[in-house]
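> below are the sequence and a predicted model; questions follow.
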Amino acid sequence: MDITNKNCKPISEINDRLLLNLCENVKELRSKSGLAVETLGEKTGVPAAILKELENGVVSDGFTAEHLVGICRFFGLGLSEIFLKP
């Protein structure tokens with residue numbers, strides 16, 4: 001019995017897309033808010049260096065759940081919303 005679903009994507013591909021969405025959303029939200037990276041960092045508790053990495057499509061080991069929560073709270077988003085396609 002073949003239980004594969006041809007419409008399903010591999011988990012790694014889904015994870016990559018979610019992380020890319022996160023990076024694009026952070027960049028877009030910061031840009032629309034008119035804040036400098038350093039200012040957003042101060043307001044969210046996320047170091048500017050990590051925010052710069054995110055905006056360049058890199059999710060480093062230094063990016064924590066606390067950072068994610070800080071960004072979401074600042075922009076008034078639920079945790080899942082930050083991963084949605086911009």
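Good, I have the coordinates. What you see is a predicted model, and the numbers here were worked out from it, not measured in a lab.

> quick one: which helix or strand includes the most centrally placed residue in the chain?
Residue closest to the average C-alpha location in the chain (C-alpha atoms, centre = their mean): residue 22, at 2.3 Å. For residue 22, the host element (DSSP states H and E) is helix 11-33.

> which helices and strands does that helix pack with?
helix 37-44, helix 48-55, helix 65-75 (3 or more C-beta pairs under 8 Å, 6 or more residues apart in numbering; DSSP states H and E). For every residue, glycine as well, the C-beta is placed using N, CA and C.

> and that helix, what's its mean pLDDT?
Summarised as a single mean, pLDDT over helix 11-33 is 91.

> okay, the angle between it and helix 37-44?
100 degrees (axes from the mean of the first three to the mean of the last three C-alpha atoms, to 10 degrees).

> return the distance of helix 11-33 from the chain's centre.
Relative to the centre of its chain, helix 11-33 is centred 4 Å away, using C-alpha atoms, centre = their mean, to the nearest Å.

> give me the contact list for it.
Contacts to helix 11-33, defined as C-beta atoms under 8 Å, 6 or more residues apart in numbering, come from residues 37, 40, 51, 54-59, 68, 71, 75, 82-86.

> related to what we said a few turns ago, put together TSV for the helices and strands packed on helix 11-33, with mean pLDDT and mean neighbour count on each row.
Formatted as TSV, the helices and strands packed on helix 11-33 follow (pLDDT from 0 to 100; neighbours: other C-beta atoms under 10 Å):
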stretch	mean pLDDT	mean neighbour count
helix 37-44	97	17
helix 48-55	96	18
helix 65-75	97	16
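
> just put the ones you listed in TSV and tack on distance to residue 18.
Conversion of the helices and strands packed on helix 11-33 to TSV gives the following (distance: least, C-beta to C-beta, whole Å):
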stretch	distance to residue 18
helix 37-44	20
helix 48-55	13
helix 65-75	12
